[in-house]
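# Here is a sequence with its predicted model. Questions after.
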Amino acid sequence: MLHPYTDLTAEQCRQARLSRDRRFDGCFFIAVKTTGIFCRPICPAKLPSEENVEYFSDKTQALQAGYRPCLRCRPDSAPSSWAWKGVETTYLRALRNIEQGALTQGSVAYLAERLGITDRYLRQLFQRYLGMSPKQYDLYQKLMFAKQLLHSSSLSVTDIGFAAGFNSTRRFQDAFRKQMKLRPSDIRRNQTVTARPQIQLSYRGKLNWPHMLAFYRLRAIKGLETVDEHSYARQVRIGDHTVGFRIMADNKQRLMMEVQSDAIDVLKPLICGVRRMLDLDADTEVIEQYLGQLAHGMVKQPGIRIPGVWNPWEAGVRAILGQQVSVKGATTKLNQLVEGITTHGNSVCFPTPDTVADGDLEFLKMPQSRKDTLKRFAEHIRQYPDSDPMEWLKLKGIGPWTVSYAQLRGLSLTDCFLVSDLIVKKQLAHFSGLSEETVSPWGSYATFHLWNQ
């Protein structure tokens, strides 16, 4: 069932399916009536007749219709790709919150309150766009996440159930059998269970891992981030837990992540956060083809993705400290801040808005006006933790460059072209055809390719 809000037509889906076009992977799903299975457009299985096929905008819709996911192409591992147009921002925020475990930790009413709407209106949004309730969507997300872990992690079946958000192994097993028409053990056969979780992170297109490591290495926070020749590691706070992870390239189309945590229920928000942070759902081949045609020679190195940071708060702090100074100078100030203001037990953590708002910043060697900006920003985030970066413009000391940088690295938005950045301005002299309008919707990638010149 293709939703009327999608950009895709049934004919486009048919053509993409017949050609197994990788550009449409994650944009829609194919259900086969004769087998009761749904697949990705790239599935290598024999192509069914068109009369036996129906299309869905989202994999949860296929589950609700009674189809089970293909074990060959694994729809659970398809990159996220919102193919809808005219979709309300509130609805997309609700999806992201649920995918990060909002309904595992609280109720629909609490989620609606966080979004600034009524729970009735939230249910109406889900019915309009997906044809199901938020709770149903949450259940299907848990099951698909569990299936993904069964295929791609070294966790035990029991741990996978709890990691997916089920409060008992029996409920997990029952729900999985009912919706997937399989037992978890049917998927988990012959897999090695390890003490420290290892999780595969797939992606599409090219990934220039050395470029991303070099970018992080130049901006790394001592004690919090470790970047060597092959891997990136850091610590983050998820709820009340400090979580460590290390990511390295595999010899296949994937990254491998090792996780160190005392809580199993952090895995879902961790994986969502890491996928966003490393921009693993971007299709670099499509993006670079567009940019390469727009400006010959701009794409010097293929596979460049957005190297994000953990959240918009961290990106905002980095941007404020980086105002009118070099990358090296900004990184020095950042390390001074982290070293001088916060530790958590024996682990270094990024400062929270509370610690910055209430802390003494006199040890920072920078203009007092910038310290005041940092304080105002911390107080704002403490009061409005989910505020859109555009709202930061009302704060003295924060301008468009700071907001754009935070959107670029803290939210991984695809269309942030930093036209006011000094390096970008310099490079535009060599690529006169580039502007915010021409690079859209891939302004963020244009920014990184120009920085890479």
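Nice, thanks for sending it over. Numbers count the residues shown, from 1 in each chain.
# Outline the domain layout of this protein.
Annotated domains of the chain cover 10-77, 132-192, 198-262, 293-300+412-453, 309-410 [automatic domain parsing].
# Count residues in the vicinity of the closest residue to Val259 other than its chain neighbours, would you?
Spatial nearest neighbour of Val259, chain neighbours left out: Pro197 (4.4 Å); criterion: Cβ to Cβ, 6 or more residues apart in numbering. Bear in mind the C-beta positions are built from the backbone N, C-alpha and C, glycine included. By other Cβ atoms under 10 Å, 23 other residues sit near Pro197.
# swap in Gln293?
10.
# gap between it and Asp186?
In this view, Gln293 and Asp186 are 46 Å apart by Cβ to Cβ, to the nearest Å.
# which residues touch stretch 291-303?
For stretch 291-303, contacts defined as Cβ atoms under 8 Å, 6 or more residues apart in numbering pick out 205-209, 211, 284, 288, 431, 433-434, 438-439, 442, 445-446, 449-450, 452-453.
# Which of the residues you listed are buried? Put it as a PyMOL command.
Those of the contacts of stretch 291-303 that count as buried under 16 or more other Cβ atoms under 10 Å are selected in PyMOL with:
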select buried, resi 205+206+207+208+209+211+284+288+431+434+439+442+445+446+449+450+452
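# Would you mind giving both backbone torsions of Ala263?
phi -130, psi 130 (degrees, to the nearest 10).
# residues contacting the nearest residue to it once chain neighbours are set aside?
Nearest residue to Ala263, sequence neighbours excluded (Cβ to Cβ, 6+ apart): His241, at 4.7 Å. Contacts for His241 (Cβ under 8 Å, 6+ apart) come out as 261-263, 266.
# Tell me the bridge partners for His241.
Assessed by DSSP bridges, His241 has beta-bridge partners Ile238.
# Residues in contact with stretch 43-53: which ones?
Outside of stretch 43-53, the residues within contact range by Cβ under 8 Å, 6+ apart are 14, 17-18, 20, 30-35, 39, 70, 72-73.
# Now with 10 Å, please.
For stretch 43-53, contacts defined as Cβ atoms under 10 Å, 6 or more residues apart in numbering pick out 10, 13-14, 17-18, 20, 25, 29-35, 37-39, 70, 72-75.
# go on, stretch 170-181?
Contact with stretch 170-181 is made by 36-37, 63-64, 66-69, 71, 76, 139-140, 142-144, 146-147, 150, 157-158, 160-166, 168, 182-187, as judged by Cβ under 10 Å, 6+ apart.
# are any of those buried, and which?
With burial judged by 16+ other Cβ under 10 Å, the buried subset of the contacts of stretch 170-181 is 37, 63-64, 67-69, 76, 139-140, 142-144, 146-147, 150, 157, 160-166, 184, 187.
# Next step: the residues you listed restricted to helices.
If you go by DSSP state H, those have 63-64, 139-140, 142-144, 146-147, 150, 157, 160-163, 184, 187 in helices.
# State the distance from Leu111 to Ser49.
According to Cβ to Cβ, Leu111 and Ser49 sit 42 Å apart.
# Same question for Gly297.
Using Cβ to Cβ, we find Gly297 at a distance of 46 Å from Ser49.
# What of Pro302?
38 Å.
# between the two, which one's more packed in?
Neighbour count, other Cβ under 10 Å: between Pro302 and Ser49, Pro302 has more, with 16 against 9.
# Helix, strand, or coil at the more buried one?
What DSSP: H, G, I helix; E, B strand; the rest coil gives for Pro302 is coil.
# so how far is Gln64 from it?
In terms of Cβ to Cβ, Pro302 sits 39 Å off from Gln64.
# Over to Arg196?
Arg196 is 36 Å from Gln64, by Cβ to Cβ.
# dump the residue contacts of Leu278.
201, 203, 207, 209, 212, 216, 232, 247, 255, 257, 305-308, 412.
# do the same with Gln427
295, 298, 421, 434, 446-447, 449-453.
# Adding pLDDT and secondary structure, write these out as TSV.
Listed next are these as TSV, based on pLDDT from 0 to 100; DSSP: H, G, I helix; E, B strand; the rest coil:
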residue	pLDDT	secondary structure
Ala295	92	coil
Met298	93	coil
Asp421	88	coil
Leu434	92	coil
Ala446	95	helix
Thr447	95	helix
His449	96	helix
Leu450	95	helix
Trp451	93	helix
Asn452	92	coil
Gln453	88	coil
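# one step back: out of the contacts of Leu278, which are inside helices?
Using DSSP H, the subset of the contacts of Leu278 located in helices is 209, 212, 216.
# Burial check on the residue nearest to the first one when sequence neighbours are not counted, number of neighbours?
For Trp209, the nearest residue in space outside its immediate sequence neighbours is Ala249; the separation is 4.7 Å by Cβ to Cβ, 6+ apart. A count of nearby residues for Ala249, using other Cβ under 10 Å, gives 15.
# if I look at Ala249, how far off is Gln200?
For Ala249 relative to Gln200 (Cβ to Cβ), the value is 11 Å.
# count of neighbours near Ile271?
Counted with other Cβ under 10 Å, the neighbours of Ile271 add up to 24.
# Lys394 too?
When counting by other Cβ under 10 Å, one arrives at 9 neighbours for Lys394.
# Could you tell me which residues make contact with Asp37?
Careful, residue 37 is Ile and not Asp. Going by Cβ under 10 Å, 6+ apart, Ile37 touches 30-31, 43, 45, 48, 62, 67-73, 75, 181.
# can you give me the strands for the protein?
Applying DSSP state E to the chain gives strands spanning 29-32, 37-39, 53-56, 68-69, 198-202, 225-227, 231-238, 241-249, 254-260.
# what would those look like in a markdown table with mean pLDDT and distance to Pro351?
Formatted as a markdown table, those follow (pLDDT from 0 to 100; distance: least, Cβ to Cβ, whole Å):
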| stretch | mean pLDDT | distance to Pro351 |
| --- | --- | --- |
| strand 29-32 | 95 | 42 |
| strand 37-39 | 94 | 45 |
| strand 53-56 | 94 | 43 |
| strand 68-69 | 92 | 42 |
| strand 198-202 | 89 | 27 |
| strand 225-227 | 97 | 14 |
| strand 231-238 | 95 | 10 |
| strand 241-249 | 94 | 14 |
| strand 254-260 | 93 | 21 |
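# which one of the ones you listed lies closest to Leu361?
Nearest to Leu361 among the strands of the chain is strand 231-238 (20.6 Å), distances taken as Cβ to Cβ.
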